[in-house]
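Asker: This is a predicted model, with the sequence first.
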Amino acid sequence: MEQVVAKKKVLVVDDEPNVRRLLRNILSKNFDILEAEDGSQAITVAKTQQPNVILMDMMMPKMDGLTACHMIKNDPATKAIPVIMVTATNFELNIKLSEQMGASGYVTKPFSTQELFSKINEVLATT
């Protein structure tokens with residue numbers, strides 16, 4: 001009998017519906033996609049759905065990605081979930097802040113599909 005392997009879950013967090021749609025289209029063949037449109041939604045979805053990895057935009061209304069990442073990494077229920085920051089700004093300071101908040105990686109928009117998959121796979125390999 002063939003064994004069905006459950007797809008890993010990726011939580012895509014971005015306030016731009018077009019970015020969420022793009023990421024869903026790129027990733028949905030390989031992963032089950034969950035979505036949130038701001039940091040506070042991301043925290044709720046992370047707690048209830050326990051995704052395998054989170055792709056988090058940095059700049060969002062209500063709660064930015066760095067704050068949400070920090071809260072996810074400091075909650076015993078979600079601290080093991082790797083967070084990859086996805087942002088349009090490739091500033092050294094943002095990369096350092098991301099690392100300080102507990103992010104496992106950093107991808108700059110626009111990104112290539114290959115870059116995105118390799119970062120996700122790299123992070124998943126270490127969990």
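Answerer: Happy to help now that I have it. As the structure is a prediction and not an experimental result, all values here were calculated from the model.
Asker: next one: stretch 89-100 to chain centre, how far?
Answerer: 15 Å (C-alpha atoms, centre = their mean, to the nearest Å).
Asker: ignore the last one, stretch 113-121
Answerer: 12 Å.
Asker: Quick check: buried residues in that stretch?
Answerer: In terms of neighbour count (16 or more other C-beta atoms under 10 Å), stretch 113-121 has its buried residues at 116, 119-120. The way it works is simple: take the backbone N, C-alpha and C, and place the C-beta from them, glycine included.
Asker: For residue 70, which non-adjacent residue is spatially closest?
Answerer: The shortest distance from residue 70 to any non-neighbouring residue, by C-beta to C-beta, 6 or more residues apart in numbering, is to residue 101 (4.3 Å).
Asker: Could you do residue 6 as well?
Answerer: residue 32 (7.9 Å).
Asker: element containing the one you found, please.
Answerer: strand 31-36 (DSSP states H and E).
Asker: Assign the residue nearest the centre of the chain to one of the three secondary structure states.
Answerer: The residue lying closest to the centre of the chain (C-alpha atoms, centre = their mean) is residue 55, at 1.6 Å. Residue 55 falls in the strand class when you classify it by DSSP: H, G, I helix; E, B strand; the rest coil.
Asker: give me every residue that touches it.
Answerer: By C-beta atoms under 8 Å, 6 or more residues apart in numbering, the residues touching residue 55 are 10-14, 23, 84, 86, 107, 116, 120.
Asker: and the angle from the strand holding residue 32 to strand 53-57?
Answerer: Strand 31-36 and strand 53-57 are oriented at 40 degrees to each other (axes from the mean of the first three to the mean of the last three C-alpha atoms, to 10 degrees).
Asker: Sheet partners, orientation included, of strand 31-36?
Answerer: strand 8-13 (parallel) (DSSP bridges).
Asker: what residues does the strand it pairs with touch?
Answerer: Under C-beta under 8 Å, 6+ apart, the answer for strand 8-13 is 20, 23-24, 27, 31-39, 41-42, 45-46, 49-57, 60, 65, 68, 120, 124.
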